[in-house]
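S.K.: need a 3D model of the sequence below.
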Amino acid sequence: MSGPRIYYGWWIVVTAAIGMSTGPGQFAFGALGLFMIPLGDEFGWSRTEISLALTFFTVALALAIPYIGTLVDRHGSRNVLLPSFLVFGVLLALIPVFADRLWVLYLLFFLIGSLAAGSNALPYLRTISAWFDRRRGLALGIAMGGSGMGYVYVPPAVQYMIDHHGWRSGYFLLAVVTVVVAVPLVYFVLRESPTARDLEGVDELHSAPIAANGGGDPAPFGALLRQPLLWLLFVIFCGLSFCLYGVLSHLVPMLRDRGMDPGSAALVQSTLGMALVVSRILIGYIVDRVFAPHVAVGCFLLSAAGIALLAYGAIDAVAFLAVVGIGISMGAEIDMLAFLTGRYFGVENFGRVYGILFTSFLIGTSLGPVGYGYAFETLGSYDWVLFLSIGLMLASAVLTIRLPRYEDGRRAVRLAMGKSTEETT
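M.R.: Residues are numbered from 1 along each chain as shown. Alright, predicted model coming up:
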């Protein structure tokens, strides 16, 4: 007698978790801090100059991601992910071969942000939202927790390659993992949406699954852009990403400046990744039961406390404590972005709205590393930009309190479409 059948949606979640751990956020953006000192030593570049590569990356990604959202809504996640990952792997391998001049480094990071934009979280999250409703928060949390695993295993693995084989070997390692791990998983496992057979005996979706290449009744793009709620979320995620990813990109050099050895500093960054993983899963479980903005406010306050510890010179054990607090908000941020997009705007509008909100995230992400680098180069320390980040975290928490109930957000979208009926996800 066979046991209970596992809902195939959980295999989608596992695929998304592994695939997202190999994305540009982890392998390009998050890893650059590990290469910052070796690149500076070999080529004489300053930290501000190296950090500017992340600005080129995030600006390109911000320009590309709304278009990626439209492609995913129209053609499906799998058809976007596969070519994007192949291009991403090739571009990673080109960095150690050709990036001996700053403009080449900037060009390669710009190409990663634009041509590999489809290997980011958006396609996975849209697919998970099609497979889950009742446990959507948990499913998104587990998948995003997997993306956080990239911040756990990348620092020690890359630092080992740098220490033993030089910085170029670190990028070759990342390129190989991208092509050998992510591409086969997406090709063989990922499916766009459940069929009636998948849903037999499964109490998961309250309505019929959306079609693989779209479906539902999407709102006009102009109507979405006129929603005040969309722009309130835009401001919140922009401020958060400036703080969190500015800290992330400079965490290792910051701690090394305070006397920590490279291995210990990399372990602190890895601990941040682990906190991110745990918080994403836990927060995903909680937001299925508690109003998500209330959960977000608590997370943002904890991260403000973590940044405050860094501002007051955290090192060694205190640094580990600080990054746990920071990792909680990093875990909450993208979880909340995806969860609130689905709850407020519906799966039928997910790709476009997520693309717009992810652009806000990228604006902050592009400014954060450069802002932190500029503060260090001009003021000789990170103190003032850390205090600025504390203020922005507190402001984001205040704005989050103003978010409406899910049904009020959905009603506004429906009214903008000229419909009187109300539909909730």
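S.K.: residue ranges with poor pLDDT in the stretch 251-400 of the chain?
M.R.: 331 (pLDDT under 70).
S.K.: per-residue confidence at residue 90?
M.R.: Residue 90 is assigned 96 on the pLDDT scale.
S.K.: again with residue 97
M.R.: Value listed for residue 97 in the pLDDT field: 95.
S.K.: repeat for residue 109
M.R.: Reading off the model, residue 109 has pLDDT 96.
S.K.: give me the next element, helix or strand, following the host helix or strand of it.
M.R.: Assigned by DSSP states H and E, residue 109 belongs to helix 102-115. Downstream of helix 102-115, the next assigned helix or strand under DSSP H and E is helix 122-131.
S.K.: how far off centre is the helix or strand following that next one?
M.R.: Sequence-wise, the next helix or strand downstream of helix 122-131 (DSSP H and E) is helix 136-165. On the basis of C-alpha atoms, centre = their mean, to the nearest Å, helix 136-165 sits 12 Å off its chain's mean C-alpha point.
S.K.: repeat that for stretch 188-201.
M.R.: Relative to the centre of its chain, stretch 188-201 is centred 26 Å away, using C-alpha atoms, centre = their mean.
S.K.: and it, average pLDDT?
M.R.: 84.
S.K.: for it, measure first residue to last.
M.R.: 25 Å (C-alpha to C-alpha, to the nearest Å).
S.K.: list the buried residues for that stretch?
M.R.: 189, 190, 191, 192, 193, 194, 198, 199 (16 or more other C-beta atoms under 10 Å). C-beta: built from backbone N, CA, C; applies to glycine.
S.K.: next, the third one: secondary structure please.
M.R.: Right, the one you point to is residue 191. coil (DSSP: H, G, I helix; E, B strand; the rest coil).
S.K.: measure the closest residue to it other than its chain neighbours to residue 192 for me?
M.R.: In space, and not counting its chain neighbours, residue 191 is closest to residue 12: 6.7 Å by C-beta to C-beta, 6 or more residues apart in numbering. Relative to residue 192, residue 12 is positioned 9 Å away (C-beta to C-beta, to the nearest Å).
S.K.: anything in contact with each of the two?
M.R.: residue 127 (C-beta atoms under 8 Å, 6 or more residues apart in numbering).
S.K.: look up phi and psi at residue 402.
M.R.: phi -80, psi 0 (degrees, to the nearest 10).
S.K.: for burial, what's the neighbour tally of the residue lying closest to it once chain neighbours are set aside?
M.R.: The spatial neighbour of residue 402 that comes closest, neighbours along the chain excluded (C-beta to C-beta, 6+ apart), is residue 232 at 6.7 Å. By other C-beta atoms under 10 Å, 15 other residues sit near residue 232.
S.K.: which parts of stretch 7-26 are buried?
M.R.: By 16+ other C-beta under 10 Å, the buried positions in stretch 7-26 come out as 7-9, 12-13, 15-26.
S.K.: on that earlier part again, list the contacts for the residue nearest to residue 191?
M.R.: Residue 12 neighbours (C-beta under 8 Å, 6+ apart): 127, 128, 131, 189, 190, 191.
S.K.: what does residue 18 give?
M.R.: By C-beta under 8 Å, 6+ apart, the neighbours of residue 18 are 146, 181, 182, 185.
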